[in-house]
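Asks: what's the 3D shape of this:
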Amino acid sequence: MRFGPLTFRDRTGADIVIRNAAPEDADALIRYLKVISAETPYLVREPEEITITAEAERAFLEGLMESERDLMLAAFADGRHIGNCSIMSVGPQLRYRHRCSVGIALYREFWGRGIGRKMMETALDAARQAGYEQAELEAVAGNTAAVSLYESLGFVTCGTLPCNMKYKDGRYADTVWMMKRL
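Replies: Predicted coordinates for the structure are as follows:
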């Protein structure tokens with residue numbers, strides 16, 4: 001799905017640009033995935049599990065730009081990639097076509113600046129325009145800042161998945177499944 005660039009000011013007064021993640025961003029996106037996976041325990045992968053090649057990432061991003069209903073937004077500050085937010089179809093089946101999943105992550109240094117909220121609002125608007133009726137996500141139950149953000153955007157918790165994530169040190173984390181009617 002194509003999305004025109006949007007510029008706004010974050011809480012610090014910095015200009016932030018949100019636009020499609022494009023094939024030329026592939027190297028930056030791979031670096032980002034490796035860094036953010038190490039910065040927080042709230043994502044599903046360990047840094048060493050990020051093994052995608054730049055060529056495969058470019059092809060993936062090209063496919064997203066041509067998709068009618070899937071979207072990956074990328075945020076930039078001073079030309080530097082700082083985070084992503086995506087909407088992806090839950091499935092092509094008629095009984096699932098009304099549902100999309102939402103995912104978001106920012107470099108830790110950009111947390112708490114209103115960027116995630118703006119990206120989520122933008123993605124949810126795009127989802128509505130694409131014909132989705134329901135947005136869904138999973139969040140680690142202990143990630144109270146993210147859960148609070150999602151609740152403030154109208155998401156409700158529909159259930160808890162106990163021990164949904166297992167860390168390398170043997171600890172487990174529950175996740176909550178949240179949804180929002182669009």
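Asks: let me know the pLDDT of residue 4.
Replies: At residue 4, the model reports a pLDDT of 86.
Asks: who touches it in this structure?
Replies: Contacts for residue 4 (CB atoms under 8 Å, 6 or more residues apart in numbering) come out as residue 19. Any C-beta I mention is one placed from the backbone N, CA and C, and that applies to glycine too.
Asks: that one looks like it's in a helix, true?
Replies: No: Residue 4 sits outside any helix when classified using DSSP: H, G, I helix; E, B strand; the rest coil, being coil.
Asks: ok, now how distant is it from residue 20?
Replies: Distance from residue 4 to residue 20, counting by CB to CB, to the nearest Å: 9 Å.
Asks: partner residues bridging the residue most central in space within the chain?
Replies: Residue closest to the average C-alpha location in the chain (CA atoms, centre = their mean): residue 104, at 2.1 Å. Taking DSSP bridges as the rule, residue 104 bridges to residue 85.
Asks: my guess is it contacts residue 120. True?
Replies: Yes: at 6.1 Å, residue 104 and residue 120 qualify as touching, with contact defined as CB atoms under 8 Å.
Asks: just the terminal-to-terminal distance for stretch 129-143.
Replies: Distance across stretch 129-143, first residue to last, is 29 Å (CA to CA, to the nearest Å).
Asks: got the buried residues for it?
Replies: 130, 132, 135, 136, 137, 138, 139, 140, 141, 143 (16 or more other CB atoms under 10 Å).
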